[in-house]
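J.: let's see this in three dimensions:
(2 chains)
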Protein chains: 2
Amino acid sequence: MQAATTAVRITEMSAEPSPNPRVVIIGAGFGGLAAAKALGGQPVQVTVLDRENHHLFQPLLYQVATAGLSPANIAQPVRGILGRHANIEVLMADVTGFDLAKKFVIAGRHRVPFDFLIVATGARHSYFGRPEWEAFAPGLKTLEDALEIRRRLLLAFEKAEVETDPVERERLLTFVIVGGGPTGVEMAGAISEIARETMVRDFRHIDPREAQVILIDASDRLLPAFDTGLSHKAEDQLGHLKVSVKQGVRVQDVTAEGVSTPEGFIHARTVIWAAGNEASPLVKALPGSFDRSGRIHVTEMLNLPEAACIYVIGDTAFCLGKDNQPLPGVSPVAMQQGRHAAHNILALIEGRPLKKFSYSDRGSMATIGRHRAVADLHFAKFSGFPAWLTWVFVHLIFLMSFRNRVSVFLIWVWSYFTRTQGARLITGKKS
Amino acid sequence: MQAATTAVRITEMSAEPSPNPRVVIIGAGFGGLAAAKALGGQPVQVTVLDRENHHLFQPLLYQVATAGLSPANIAQPVRGILGRHANIEVLMADVTGFDLAKKFVIAGRHRVPFDFLIVATGARHSYFGRPEWEAFAPGLKTLEDALEIRRRLLLAFEKAEVETDPVERERLLTFVIVGGGPTGVEMAGAISEIARETMVRDFRHIDPREAQVILIDASDRLLPAFDTGLSHKAEDQLGHLKVSVKQGVRVQDVTAEGVSTPEGFIHARTVIWAAGNEASPLVKALPGSFDRSGRIHVTEMLNLPEAACIYVIGDTAFCLGKDNQPLPGVSPVAMQQGRHAAHNILALIEGRPLKKFSYSDRGSMATIGRHRAVADLHFAKFSGFPAWLTWVFVHLIFLMSFRNRVSVFLIWVWSYFTRTQGARLITGKKS
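T.: Take a look at the predicted model:
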């Protein structure tokens, strides 16, 4: 299969003005960008396609949703990141399908030919077959999602301030987060802190400290990817922030009035969804087998068993780790896979043998509020303030551009000492 | 009239739990905020109503529209600004009318009673009776406006990059700004600089330097509020930035294809409106006479001749200056009038005589691109880099909060030396 692909490429190449093989990367997330950077300056012609013009530092998206950071603090134009590589072009386009026989990608009225394809389109939130819940419980994947959640959070306090009916006021001040993974835990902690610290002085008719933040999780413990001890630490730390954690509770329905559970109906005007992910639906157009959340099975080389010139990486790929467990949908996996896919493509072009992917797991972290966190770095598991400091520095190091690193750091230091949230803006559609 | 008002207030007061007169301020712009701050800690009960939750530093809005700054850099939650004054409450509500006989303001289903009213609702852009032009030529008043313009500007370059028809590509790279006041001049300079400096390295199929920026102005010179010499300087400086200035040209029609003028049709996919202002329509519900752009005539005390307890300030008021010319719609006028209205209301309450308003004009400035400006400080008129430095420091000093001042300054220094624009994000609705 690989030999055949190479042959086709060589045949095409002779008729083309450009002598180098064409690599098309779909998606400029952590995986796609890592692949593109690894291919910068190499003897390939690279096209990066993304429906947005910016790369998003998703681990900090919850801080935009909770008014701590601005969109520009965690997003960078893809062109700006890749501009210095003359062999890379960036196109803002929404990929709608493939013609795998003729080897091109379809993006609206554009057709982009490829010799090698890297699919890195990520995941979106999944409502377990109940897409109608999305209108009442938005998820957190894009900048638009974050701004919509910020709008709903801040408007709930504004509406409560002018509400005279005490029952409705209580519903406006009840915030339900569904899902006990890192996003759910981080959102719950941040919302509770805004209400209890940032907003205390701002209102005259309500006491924001009366806000109830409820975290609902269907599994038996928070942060299931972490050590059991750290899960309990996270629960303790959320307790300190007055977040009420409802463990082992499954959501039965979500409406404009709130959330229905086997334990009863929770009246809440703001519900946030952090419960499930599914692979971007574009991979369905590729040949292969899929897991329950829509991820496509890849080989140990990270390409498709049935199409060796197509690599799939990150949240879109189903790939087993050393312990025979599927690799989690986190940015280190995507970045390492991106680099690996790029290296395998270059190896193929240069006639070197392909290498198997092996994930080097350096640990996981989650923040809980303004100065708490849990960290599992394998050699050490810790929580509280030391874990939070580690979290801050790791995230600063990973933030893409120098300018963002400096400004995010200043914003964090500033809000740490003043307990303000600078991006408390309600923008977007009125309601 | 004033005596009668006071009498009514005293009668109502005796039945009320709060012993202090109620002052309602509509609008948290420069004028409304200055009034509110002057009333902070005084023996009055203040309610500030605004349809947004934030105060906007409008003079820098063009920098959000041209991707230099983020919304949070130039906007602050009104509650955060006024929170420390216990006698001030802030309500986020859209005022829809008045009951002047019973003395309350109507905001949706809320009724807010007042003894004194300060109307500071500002201006919006005017299309000279052609509201259908707005869809093709958005104006710049709110954060949403700025984000929409930013989206259109950046998308035009993205679309041009994937466009294969050279005629359509040229139309995508043509940007028309209508109106030669400070906003139009600042927008034209900034757009031309983004194309010629920031984006140069980013594209593969277009040369952003080929973008045409056309500034159309119906009057005989740019910046009519400035000295004639400075108008010519501004035109020179725009020329250096390759902005083509069309003076004395009236716009006849605006469509999705471009702008129609007596000199011919200009094909352009992006048109920005900076040509006209009209007072916010809410003042129409007040008793009085109005000028051509909808501003209500106020007395020298800044209240209405027919309703002495109602003060109107800023862009919504028609008020003559020392030279018998109407005062311009700029923030120093609004701020001085806000403080003056507050002092007159306190004087009335305390039985002191009211004072006449007199505007202390400290000069005007406009920036043209990254390091040029014109400044008229009366005692000195200058242009170029010294004017730009003055502009930067005056604007930093006036920016509301300390944190914004620091972060805006860092962003400016950073982009000055690197020629990048950090907020180059396309967000909002897809097109």
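
J.: could you check how many residues crowd around A:Arg109?
T.: Other residues near A:Arg109 number 8, with proximity taken as other C-beta atoms under 10 Å in any protein chain shown. Every residue, glycine included, has its C-beta placed from N, CA and C.

J.: and the pLDDT for it?
T.: In this prediction, A:Arg109 carries a pLDDT score of 84.

J.: what residues are up against it?
T.: Contact analysis of A:Arg109 by C-beta atoms under 8 Å, 6 or more residues apart in numbering or on different chains lists nothing.

J.: ok, and what's touching stretch A:294-308?
T.: Contacting residues not belonging to stretch A:294-308 are listed as A:1-2, A:5, A:100, A:278-281, A:283-284, A:286-291, A:309-313, A:315-319, A:326, A:337, A:340-341, A:344, A:354-357 [C-beta under 8 Å, 6+ apart].

J.: for PyMOL, what selects the buried ones among the residues you listed?
T.: In PyMOL syntax, the buried subset of these is picked out as below (16 or more other C-beta atoms under 10 Å in any protein chain shown):
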select buried, chain A and resi 5+100+278+279+280+283+286+288+309+310+311+312+313+315+316+317+318+319+337+340+341+344+354+357
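
J.: how about A:Ala34, nearest residue that isn't a chain neighbour?
T.: Beyond its immediate neighbours in the sequence, the residue positioned closest to A:Ala34 (C-beta to C-beta, 6 or more residues apart in numbering or on different chains) is A:Gly338, lying 3.2 Å away.

J.: for A:Gly258, see how far away A:Val271 is.
T.: A:Val271 sits 7 Å away from A:Gly258, going by C-beta to C-beta, to the nearest Å.

J.: next up, the contacts around the residue in the stretch 201-350 of chain A that chain B sits nearest to.
T.: Taking C-beta to the nearest C-beta as the measure, the stretch 201-350 of chain A has A:Asp202 as its residue closest to chain B, at 3.8 Å. Neighbour list for A:Asp202: A:Pro208, B:Pro77, B:Arg79, B:Gly80, B:Gly83, B:Val90 [criterion: C-beta under 8 Å, 6+ apart].

J.: among those residues, who's most crowded?
T.: Sorting these by how many neighbours each has (other C-beta under 10 Å) puts B:Pro77 first, at 29 neighbours.

J.: tell me how far that residue lies from chain A.
T.: For B:Pro77, the distance to chain A equals 4 Å [C-beta to the nearest C-beta, to the nearest Å].

J.: ok so, going back, pLDDT, distance to B:Ala28 and secondary structure for the contacts of A:Asp202 - can I get that in JSON lines?
T.: Shown next, in JSON lines, are the contacts of A:Asp202 (pLDDT from 0 to 100; distance: C-beta to C-beta, whole Å; DSSP: H, G, I helix; E, B strand; the rest coil):
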{"residue": "A:Pro208", "pLDDT": "93", "distance to B:Ala28": "20", "secondary structure": "helix"}
{"residue": "B:Pro77", "pLDDT": "88", "distance to B:Ala28": "10", "secondary structure": "strand"}
{"residue": "B:Arg79", "pLDDT": "91", "distance to B:Ala28": "10", "secondary structure": "helix"}
{"residue": "B:Gly80", "pLDDT": "85", "distance to B:Ala28": "11", "secondary structure": "helix"}
{"residue": "B:Gly83", "pLDDT": "87", "distance to B:Ala28": "13", "secondary structure": "coil"}
{"residue": "B:Val90", "pLDDT": "95", "distance to B:Ala28": "8", "secondary structure": "strand"}
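
J.: now the residues you listed in a markdown table, with distance to B:Val176?
T.: As requested, those are arranged in a markdown table below (distance: C-beta to C-beta, whole Å):
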| residue | distance to B:Val176 |
| --- | --- |
| A:Pro208 | 47 |
| B:Pro77 | 35 |
| B:Arg79 | 39 |
| B:Gly80 | 38 |
| B:Gly83 | 43 |
| B:Val90 | 39 |
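
J.: of all the residues you listed, which comes closest to A:Gly41?
T.: B:Pro77 (46.2 Å; C-beta to C-beta).

J.: any idea how far the closest residue to the closest one other than its chain neighbours lies from A:Val243?
T.: The shortest distance from B:Pro77 to any residue other than its chain neighbours is 4.3 Å, reached at A:Arg424 (C-beta to C-beta, 6+ apart). Here A:Arg424 is placed at a distance of 20 Å from A:Val243 (C-beta to C-beta).

J.: got it, and A:Pro138?
T.: Look at A:Pro138 and A:Val243: by C-beta to C-beta, they are 19 Å apart.

J.: more crowded one of these two?
T.: Ranked by neighbour count (other C-beta under 10 Å), A:Pro138 and A:Val243 place A:Val243 first, with 24 against 21.

J.: go ahead and confirm that one touches A:Glu193.
T.: No - under the criterion of C-beta atoms under 8 Å, A:Val243 lies out of contact with A:Glu193, with a separation of 9.6 Å.

J.: okay, the strand or helix carrying A:Val167 in CSV with CA atoms only?
T.: Using DSSP states H and E, A:Val167 sits within helix A:166-172. Listed in CSV are the C-alpha atoms of helix A:166-172, where the atom choice follows Å, rounded to 0.1, in the frame of the first residue of the first chain:
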residue,chain,number,x,y,z
PRO,A,166,-37.3,35.3,45.1
VAL,A,167,-37.9,31.9,43.5
GLU,A,168,-36.8,33.1,40.1
ARG,A,169,-33.9,34.9,41.7
GLU,A,170,-32.7,31.7,43.2
ARG,A,171,-33.0,29.9,39.9
LEU,A,172,-30.9,32.6,38.2
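
J.: so how far is it from its chain's centroid?
T.: For helix A:166-172, the gap between its own C-alpha mean and the chain's C-alpha mean amounts to 32 Å (C-alpha atoms, centre = their mean, to the nearest Å).

J.: and the closest residue to A:Ala28 other than its chain neighbours, bridged to which residues?
T.: Using C-beta to C-beta, 6+ apart and skipping residues adjacent in sequence, the residue nearest A:Ala28 is A:Asp50, 4.0 Å away. Judged by DSSP bridges, the bridge partners of A:Asp50 are A:Met92.

J.: contact residues of the stretch 151-300 of chain A facing chain B?
T.: Counting by C-beta under 8 Å from any C-beta of the partner chain, the residues of the stretch 151-300 of chain A lying close to chain B are A:Leu154, A:Leu155, A:Glu158, A:Glu161, A:Val162, A:Met199, A:Arg201, A:Asp202, A:Phe203, A:Arg204, A:His205.

J.: which residue ranges form the strands in the stretch 1-150 of chain A?
T.: A:22-26, A:45-50, A:54-56, A:75-77, A:88-92, A:97-99, A:104-107, A:110-113, A:116-119, A:123-125 (DSSP state E, counting those that start in this stretch).

J.: just checking, what packs against the first one?
T.: Just to be clear, that refers to strand A:22-26. Counting contacts by 3 or more C-beta pairs under 8 Å, 6 or more residues apart in numbering or on different chains; DSSP states H and E, strand A:22-26 is packed against helix A:30-39, strand A:45-50, strand A:110-113, strand A:116-119.

J.: and for the third one?
T.: Using 3+ C-beta pairs under 8 Å, 6+ apart as the contact criterion, the neighbours of strand A:54-56 among helices and strands are strand A:75-77, helix A:78-82.
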